[in-house]
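S.K.: prediction below, plus the sequence it came from.
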Amino acid sequence: MDEEVADLFEAAETAMESAHVPYSEYPVGAALETADGEVFVGCNVENANYSNSLHAEEVAVGEAVKRGHTAFSRLAVVSAARDGVTPCGMCRQTLAEFCAESLPVFCLDGETVVEYSLGELLPAAISEETLSDSR
Ligand code: THU
Ligand code: ZN
């Protein structure tokens, strides 16, 4: 595995240790690298009402944006099962608010790194331009 990607997965796995998942028992960790090389992480935080659980990627985006970062270079996502989990549809759209279609998204299936681009995962995302076209 590329050393820099390994570092990103390590950050995601460390964050995953804080996951609050009493309902699904499915911990997820995410590590989002900014354009200037900082890394912000997130884990899933579930809730007893099920529907307002936070996803690892949303938490990572929130952590970065609240510190003024809005340009990103790479994302790594991992579940404790290492089953190749990818960002869900909602998280893909959350990422698309800030990230180019070319954003590399790294997922881990066992020991195998699977690389996608954000555009491949979410073609034709709704964007600020989409909205301004219709105003
Ligand atoms: N989950 C994430 O944290 N990120 C995703 O995009 C996929 C799903 C979480 C939500 C829930 O806590 C658990 O994984 C099972 O769906
Ligand atoms: Zn999600």
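M.R.: Received, thanks. The structure presented is a predicted model; accordingly, all values stated were derived computationally and were not measured. Residues are numbered from 1 along each chain as shown. Ligands and ions are numbered 1, 2, ... in the order given.
S.K.: check what contacts the longest helix anywhere in the chain and list those residues.
M.R.: The single longest helix within the chain, with elements called by DSSP state H, is helix 3-16. Outside of helix 3-16, the residues within contact range by C-beta atoms under 8 Å, 6 or more residues apart in numbering are 1, 27-31, 33, 39, 41-43, 56, 60, 74-80, 106, 108, 113. Every C-beta, even on glycine, is put in place using the N, C-alpha and C of the backbone.
S.K.: ok, 6 Å please
M.R.: Outside helix 3-16, the residues within contact range by C-beta atoms under 6 Å, 6 or more residues apart in numbering are 27, 29, 30, 31, 39, 41, 43, 76, 78, 106.
S.K.: and the residues you listed as TSV, adding neighbour count and secondary structure?
M.R.: Putting the contacts of helix 3-16 into TSV (neighbours: other C-beta atoms under 10 Å; DSSP: H, G, I helix; E, B strand; the rest coil) gives the following:
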residue	neighbour count	secondary structure
27	21	coil
29	30	strand
30	31	strand
31	28	strand
39	19	strand
41	22	strand
43	22	strand
76	28	strand
78	27	strand
106	21	strand
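S.K.: among those, which one lies nearest to residue 70?
M.R.: Nearest to residue 70, judged by C-beta to C-beta, of those is residue 39 at 15.2 Å.
S.K.: get me the contact residues on the protein for ligand 1.
M.R.: The chain comes close to ligand 1 at residues 21, 24, 26, 28, 44, 46, 53, 55-57, 85, 87-88, 91, as judged by C-beta under 6 Å from any ligand atom.
S.K.: tell me which of those residues fall in helices.
M.R.: 56, 57, 91.
S.K.: looking at this, residue 116 is in a strand?
M.R.: Yes: under DSSP: H, G, I helix; E, B strand; the rest coil, residue 116 falls within a strand.
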